[in-house]
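Student: here is my input, please return the structure:
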Amino acid sequence: MEKEIVQKAAYLFLQFGYKSVTMDDLAEQMRISKKTIYTFFDDKTSLIRASVWYIFDEVKTKIISVQESMDNPIEALYEIKKIAVDVLGNKDKSPQYQLQKYYPSIYNEIRKKELSALGDSFEMSLKKGMKSGLFRPSLDTHFITLIYFNGFRGLRDIELFPPEEYDIDQIIGKFIAVSYTHLRAHETPEHLGCR
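Tutor: Numbering: from 1, shown residues only. This is a model prediction of the structure:
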């Protein structure tokens, strides 16, 4: 029952937002009593934390699967973009932004975990690109991985990119395009404006 509650809550939070969904809404949707929910979770915040980690694990599994199964890292990244947009791209309710604004400690927990959970897989993808000739052979893959994750975190910063002004799908697409333009084998520092 606990897992079912987490799964349903995760679905509702992503659809309507973390702030918008109440425990009453969840109980009604599941046709259970609120008391049953409180048997497993002390409060809404603990349920949100469990739901966020459930979503994180689901997304992590999908991303690692894409990175390990696709030989072309550029195509893999565009597949990963689709996964990210599916999770982050609810423009009307902006669950990601609600999480950052109303539950910052949970948001920060996830941010800290992202690199350790996905960094090795991303670095492996970069090395595939170098080996296949898509990327310059002299890349510092560890440094690029850190820069990439830092950049991706920045896209979700509501002060930098307020949801009422920026479409998450578009800014993720632009970020990926810029990131991989700078990695391509045929680019030189002069092409990139670096001297």
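Student: now the helices for this protein?
Tutor: Counting by DSSP state H, the segments of the chain that form helices are 2-16, 23-30, 34-40, 44-69, 73-88, 95-102, 104-132, 141-155, 168-181.
Student: how about the second one: buried residues?
Tutor: Taking 16 or more other Cβ atoms under 10 Å as the basis for neighbour counts, the residues of helix 23-30 that come out buried are Leu26, Ala27, Met30. To be clear about C-beta, it is placed using only N, CA and C from the backbone, and glycine gets the same treatment.
Student: re earlier: looking at the helices of the chain, which is buried most?
Tutor: Among those, ranked by average contacts under mean count of other Cβ atoms under 10 Å, first place goes to helix 95-102 (a mean of 20).
Student: contact partners of that helix?
Tutor: Taking contacts as Cβ atoms under 8 Å, 6 or more residues apart in numbering, the residues outside helix 95-102 that touch it are 13-14, 16-20, 48, 52, 87-88, 106-107, 156-158, 163, 168.
Student: so who does the residue most central in space within the chain touch?
Tutor: For the chain, Ala84 is the residue whose C-alpha lies nearest the centre (Cα atoms, centre = their mean; 5.1 Å). The neighbours of Ala84, taking Cβ under 8 Å, 6+ apart as the test, are Val59, Ile172.
Student: apply 7 Å and report the result again.
Tutor: Applying Cβ atoms under 7 Å, 6 or more residues apart in numbering, we find Ala84 in contact with Ile172.
Student: cool, and Leu126?
Tutor: Neighbouring residues of Leu126 by Cβ under 7 Å, 6+ apart: Pro73, Phe135, Leu139, Thr141, Ile144, Thr145.
Student: same check, this time on Asp86
Tutor: With contacts defined as Cβ under 7 Å, 6+ apart, Asp86 has no neighbours.
Student: touching, Leu115 and Phe149? I think so.
Tutor: Yes. Between Leu115 and Phe149 there is a contact at 4.9 Å, judged by Cβ atoms under 7 Å.
Student: follow-up on the earlier one: need the pLDDT of the residue nearest to the centre of the chain.
Tutor: Predicted confidence (pLDDT) for Ala84: 74.
Student: so how far is Arg31 from it?
Tutor: With the distance defined as Cβ to Cβ, to the nearest Å, Ala84 ends up 32 Å from Arg31.
Student: dump the buried residues of helix 23-30 to TSV, plus pLDDT.
Tutor: Compiled in TSV, the buried residues of helix 23-30 are given as follows (pLDDT from 0 to 100):
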residue	pLDDT
Leu26	96
Ala27	96
Met30	95
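Student: from the residues you listed, pick the one nearest Arg111.
Tutor: Leu26 (25.5 Å; Cβ to Cβ).
Student: wait, what's in contact with that closest one?
Tutor: When contacts are taken as Cβ under 7 Å, 6+ apart, Leu26 is in contact with Lys8, Ala9, Leu12, Ile37.
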